[in-house]
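Asks: Build me a model from this:
(chains A and B)
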Amino acid sequence: MNSIWIIFKKEMKELFRDRKSLFTMIGFPILILPFLIAGGVEIGKRIAEKEAKKNIKIAFINANQDNELINFISQEKKYHIIDNVNESNFSSLIQSDSLDLVLEIDKNYNNNLKLNHSAKITLHHSTSGLDEVHVNFTNEIINSYEKKILANRLKEKDIEESLLNPINLEKNNITSEKEQFGKSVGGIIPYFILIYCLLGAVMPAIELGASEKEKGTLETLLATPSNYFKILMGKWGAIFSISFLSAFAVILGMLLGINIVDIPPHFYSLLSNLFNIKTIMILMILITPIAGLFSAITLSISIYSKSFKEAQNFMSPLMMIILLPAIMGMSLPLELNSTNAIIPIFNVVLACKEIMSGTIETILLLEVILSSFALSVIAVFFSSKLFKKESYIFRN
Amino acid sequence: MITVNDLTKKFFVNKKSNIPFFKKKGTIKAVNNISFECKPGRIFGLIGPNGAGKTTVLRMLVGMLKPTKGNISICNIDINTNPEEAKKKIGFMSMNTGLYVRLTTNELIKYFADLYNVKNKDYEERKNYLFEKLDMNEMGNRIISKLSTGMQQKVSIVRTLIHNPDVIIFDEATTGLDISSSKEIINLLQEAKKNGKTIIFSTHRINEVKSLCDDIGIMNKGELKYVGTYKNFLNNMKEKIFENELIRIIEN
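Replies: All right, here's what the predicted structure looks like:
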């Protein structure tokens, strides 16, 4: 029997018997992702319901200047008008959340309107984050009231409204909903996959490298007739398998989540469109060389490390280095092209986005896969060189 | 048969330099130009204080470390030019030897038998023989982490000898063991000697040297201070007590 296969089988057996680590690497994403999806959907639903129900508490100062405006605003059901607010107390009322907004109408407002001048209204608010919605909503209401006044003024002067709008720009977004959804969600999914692909490599790599050095089992293995390259390949194969399985567990967890959780029908159809068999297959092909690369890098670090603890210390910055391009790929509004298709990890995230939105070009996909494979082979080669150096193997 | 000629091993080390945060590269000689021979049917004891270079010598014999100079022949096979063939002849066990604690005894022994390419029939025969010898028949299906230190040491011995090696190399294999476990190892070595195996072992236990060794090598600071038969050593002692004679040779 080939030594690579003998070593691989034994390493897999040992790794599968380490139940705790196995659960963290494979079981956890399968179990936790449906919960995360369910939680996300529930929070989304609640926010939407709360927003729909929530009234905007509004007050007016100098309301007598324009009764028509007050009536116009009062027609909106979202507004709840608060009385007895004046210039001296509105600030404290807003800060104590008794009020959301105050419209202060200028004292000369009425005169200015009559003279066809600009009339001033000040919108007082104290907003951050979600509350900004109230300001935007009121802004739109005032704008539509302003349009009404403008239309009257133009009518009085016998001027056509089109005179003020020589160009009527109509926006028509031909991007399909699937594409838009894929571009946004498609960045987050590979991020999760890459994290687990790396985590899936880190633990077994430490176990099969630094930990074996510390326990003295590596010494006995090196005394056997198996050559160093075969020993390394057996170990690499086991790390690669767990890394790949961890990445697959993320996809499985997401699939489970989509199908178990009560997702609104519209989102469900978009999500199930993203996760079809073809997409999953391409994702797994894409992740294969990355799992190989991560396995080789983590194994090299582990071989170099004197102990389990030292290996853990080295792995932490590695995670930052590897996840940085993933975060960039996820957040930057960039498209895959022949140049960035050779930037490791970054290219995988961009390719995932394109795959999920259904816009990937075969030639670019091939470029990503081939460049990742080449990098993976180089990393394994480097790892084997390191493994042959007795100054690294017997560093302690 | 082990033949060692002009064996030297240098290690690269970092030395302090005058420039802060920088280190100079330097070398130390862990083993300096040593030669000896271990013959079949005889036990060779390698003795010396900590840091004498014993482990480095044994690691070179097993092919884990490459000599800077000199050559090693295991059963007439050069370990540096043909390490895979030479390693097939060796059974190596060190004091640091760890075991794969999540495997059962049988799984671990089969793993090493496979790595040494032992045929299934030979494996069964050899395993049964060693299990019988070391009273391990009940242990086969037990997970190694559940075994006591002494039992684990027995598993280590079976792992080392499962391929019936011609050359047995033990690096302080009895360190930290209780008397009965040490005794079992010693008995096994004596039987291996009777069967014509070549045995070399390093130890700090003088009793083991006295009761086992046919030949001895005394090392200090990488140099072989004495090499010859145990009988000759006893006949030419300048001190009355064995231990004192050892110290005298080491300090000279």
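Asks: so residue B:199 sits in a strand?
Replies: Yes: according to DSSP: H, G, I helix; E, B strand; the rest coil, residue B:199 belongs to a strand.
Asks: ok, it touching residue B:168?
Replies: Yes: assessed by CB atoms under 8 Å, residue B:199 is found in contact with residue B:168 at 4.7 Å. All C-beta spots, glycine's among them, are computed from the backbone N, C-alpha and C.
Asks: who touches both of these two?
Replies: Shared contacts of residue B:199 and residue B:168 (CB atoms under 8 Å, 6 or more residues apart in numbering or on different chains): B:189, B:192.
Asks: Just the element for residue B:204, please.
Replies: Using DSSP states H and E, residue B:204 sits in no helix or strand.
Asks: Report pLDDT for residue B:15.
Replies: pLDDT recorded at residue B:15 is 69.
Asks: just residue B:198 next, same as before
Replies: So, for residue B:198, pLDDT stands at 95.
Asks: Now for it, how many residues are close by?
Replies: Other residues near residue B:198 number 25, with proximity taken as other CB atoms under 10 Å in any protein chain shown.
Asks: what do you get for residue B:150?
Replies: 13.
Asks: right, and residue B:218 touches residue B:250 too?
Replies: Yes: applying CB under 8 Å, one finds residue B:218 in contact with residue B:250, separated by 6.5 Å.
Asks: Could you pull out the residues contacting both of the two?
Replies: Contacts common to residue B:218 and residue B:250, judged by CB under 8 Å, 6+ apart, are B:48, B:225.
Asks: What separation is there between the residue of the stretch 151-252 of chain B found nearest chain A and residue B:206?
Replies: Nearest residue of the stretch 151-252 of chain B to chain A (CB to the nearest CB) works out as residue B:159 at 7.3 Å. Residue B:159 is 28 Å from residue B:206, where distance means CB to CB, to the nearest Å.
Asks: more neighbours, those two?
Replies: The neighbour count for residue B:159 versus residue B:206, taken as other CB under 10 Å, is higher for residue B:159 (25 against 13).
Asks: all strands of the chain, in order?
Replies: No chain in the question, so chain A it is. Ranges of strands in chain A, per DSSP state E, are A:56-61, A:79-81, A:101-105, A:121-125.
Asks: Wait, chain B was what I had in mind.
Replies: B:2-16, B:23-38, B:43-47, B:69-74, B:77-78, B:90-94, B:167-171, B:198-202, B:215-220, B:223-229.
Asks: Show me what the fourth one pairs with in its sheet, parallel or antiparallel.
Replies: Sheet neighbours of strand B:69-74, with direction, are listed as strand B:2-16 (antiparallel), strand B:77-78 (antiparallel) (DSSP bridges).
Asks: Break chain A down into its domains, please.
Replies: A:3-40+A:176-393, A:54-163 (automatic domain parsing).
Asks: Of the ones you listed, which shows the lowest average pLDDT?
Replies: Taking the mean pLDDT of the domains of chain A, domain A:54-163 comes last: a mean of 85.
Asks: Return the distance of residue B:137 relative to residue B:129.
Replies: 12 Å.
Asks: Counting neighbours, go ahead and name the busier of these two.
Replies: Ranked by neighbour count (other CB under 10 Å), residue B:137 and residue B:129 place residue B:129 first, with 14 against 9.
Asks: give the contact list for residue A:262.
Replies: Contact analysis of residue A:262 by CB under 8 Å, 6+ apart lists A:38, A:41.
Asks: Quickly note the distance from it to residue A:281.
Replies: For residue A:262, the distance to residue A:281 - CB to CB - is 28 Å.
Asks: what's around residue 59, how many residues?
Replies: I'll assume chain A. Residues near residue A:59, counting by other CB under 10 Å, number 24.
Asks: Sorry, I should have been clearer: chain B.
Replies: Counted with other CB under 10 Å, the neighbours of residue B:59 add up to 24.
Asks: Am I right that it is in contact with residue B:67?
Replies: No: the criterion here is CB under 8 Å, and residue B:59 misses it with residue B:67 at 10.2 Å.
Asks: Spell out which parts of the stretch 151-300 of chain A neighbour chain B.
Replies: With the criterion set to CB under 8 Å from any CB of the partner chain, the stretch 151-300 of chain A comes near chain B through A:212, A:215-217, A:219-227.
Asks: thinking again about what came up before, and residue B:218 and residue B:250? Which one has more around it.
Replies: Comparing residue B:218 with residue B:250 by other CB under 10 Å, the one with more neighbours is residue B:218, at 22 against 17.
Asks: in the sheet, who's paired with the more buried one?
Replies: With DSSP bridges as the rule, residue B:218 is bridged to residue B:47, residue B:226.
Asks: if I pick it, what's in contact with it?
Replies: Residues near residue B:218 by CB under 8 Å, 6+ apart: B:47, B:48, B:224, B:225, B:226, B:227, B:246, B:249, B:250.
Asks: pLDDT and distance to residue B:32 for those residues - can I get that in JSON lines?
Replies: JSON lines is the format used below for the contacts of residue B:218 (pLDDT from 0 to 100; distance: CB to CB, whole Å):
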{"residue": "B:47", "pLDDT": "91", "distance to residue B:32": "17"}
{"residue": "B:48", "pLDDT": "90", "distance to residue B:32": "13"}
{"residue": "B:224", "pLDDT": "93", "distance to residue B:32": "9"}
{"residue": "B:225", "pLDDT": "92", "distance to residue B:32": "11"}
{"residue": "B:226", "pLDDT": "92", "distance to residue B:32": "15"}
{"residue": "B:227", "pLDDT": "93", "distance to residue B:32": "14"}
{"residue": "B:246", "pLDDT": "88", "distance to residue B:32": "20"}
{"residue": "B:249", "pLDDT": "89", "distance to residue B:32": "16"}
{"residue": "B:250", "pLDDT": "88", "distance to residue B:32": "15"}
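Asks: Out of the residues you listed, the closest to residue A:46 would be?
Replies: Checking those against residue A:46 by CB to CB gives residue B:48 as the nearest, at 74.9 Å.
Asks: Tell me who's in contact with the residue lying closest to that closest one once chain neighbours are set aside.
Replies: Sequence neighbours aside, residue B:219 is the residue nearest to residue B:48 in space, at 3.6 Å (criterion: CB to CB, 6 or more residues apart in numbering or on different chains). Counting by CB under 8 Å, 6+ apart, residue B:219 touches B:34, B:46, B:47, B:48, B:52, B:53, B:54, B:57, B:225.
Asks: what stretches of the stretch 151-252 of chain B score poorly on pLDDT?
Replies: Residue ranges of the stretch 151-252 of chain B with pLDDT under 70: B:176.
Asks: who in it is up against chain A?
Replies: residue B:159.
Asks: from the chain's centre, how far out does stretch A:192-199 sit?
Replies: Here stretch A:192-199 is found 14 Å from its chain centre; the criterion is CA atoms, centre = their mean, to the nearest Å.
Asks: Please apply the same query to stretch B:123-141.
Replies: Taking the mean of its C-alpha atoms, stretch B:123-141 sits 22 Å from the chain's own mean (CA atoms, centre = their mean).
Asks: That concludes my questions; thank you for your assistance.
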